[in-house]
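1. Take this sequence and fold it.
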Amino acid sequence: MNTYEIRAIYNENTIRVYQAYSPEIALPALEAGRFVPPFKMERMTWIKPSFNWMMYRSGFGSKAGQEVVLGIDITRAGFEWALQHAALSHFIPEVHGSEEAWKAQVSSSPVRIQWDPERDCRLNPIAGVRSLQMGLSREAVQLYVQEWIMGIEDVTPVAHLLAEARDCKKGGGGWPHEQERVYPLSEELQSKLGLAGAGDQKEEYNGD
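-> As a prediction, this is how the structure comes out:
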């Protein structure tokens, strides 16, 4: 039985998500405090609340096009708007009722939710725990860039230190994953996001 969790650093007003980009995209974003060209508003952009999953996807910030890892603080109101307007990447009978209903939801929703195996600090999958990845498109990208972002931080040095750490489980509370907590969700959102009876899903991620 899998456990589905949104693990994140958050406070009363904001939640931190992660993205990794090339310097050509990341450095202008850091300077502007929001995403600016050559960031493309027309494509789906994926955000990840789990630092370790970002490390897995970017290879600790070593993969081509993902050399700069960004910690992005967005409003909790925006994050929860995205959850409310999301569709799951895979059909789940207990959630959608019919495949036709699921396809209609995917077509009309500007946000995509994918649950993938959570990772430990050495990037090994954590058995039975799946972590949220959120794909933003259409109006969701516009809101993300123009309204939700409260600040952007370059966390690449932390990614590199974690890659070099011999025992990253002993960070004394200093590593980002040690500061993450399970994000609270209403029963309505838990049902919508397939947190009960979701079954196994294959990884679909193909974006940033």
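
2. Verify the stated contact: Met55 with Leu161.
-> No - with contact defined as Cβ atoms under 8 Å, Met55 does not reach Leu161; the gap is 11.1 Å. Yep, even glycine has a C-beta here, placed from its N, CA and C like the rest.

3. residue ranges with poor pLDDT in this protein?
-> Residue ranges of the chain with pLDDT under 70: 1-2, 91-99, 166-167, 169-173, 194, 196-208.

4. any chance you could map the helices in it?
-> For the chain, the helices defined by DSSP state H occupy 23-32, 51-58, 76-84, 93-96, 99-108, 139-143, 156-164, 176-179, 187-192.

5. Only the buried residues of the first one, if you could.
-> The neighbour-count criterion (16 or more other Cβ atoms under 10 Å) identifies 25-26, 28-29 as the buried residues of helix 23-32.

6. okay if I get those as JSON lines plus distance to Lys103?
-> Compiled in JSON lines, those are given as follows (distance: Cβ to Cβ, whole Å):
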{"residue": "Ile25", "distance to Lys103": "32"}
{"residue": "Ala26", "distance to Lys103": "35"}
{"residue": "Pro28", "distance to Lys103": "37"}
{"residue": "Ala29", "distance to Lys103": "34"}
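
7. and the spatially closest residue to Pro23 that is not a sequence neighbour, what does it touch?
-> Distance criterion Cβ to Cβ, 6 or more residues apart in numbering; nearest residue to Pro23, sequence neighbours excluded, is Val68 at 5.6 Å. Contact partners of Val68, counting by Cβ atoms under 8 Å, 6 or more residues apart in numbering, are 20-23, 26-27, 61, 154, 156.

8. now Val69
-> Here Val69 is in contact with 18-20, 54-55, 58, 61, 154-156, 158-159 (Cβ under 8 Å, 6+ apart).

9. Separate out the buried members of those.
-> Buried among the contacts of Val69 by 16+ other Cβ under 10 Å: 18-20, 54-55, 58, 61, 154-156, 158-159.
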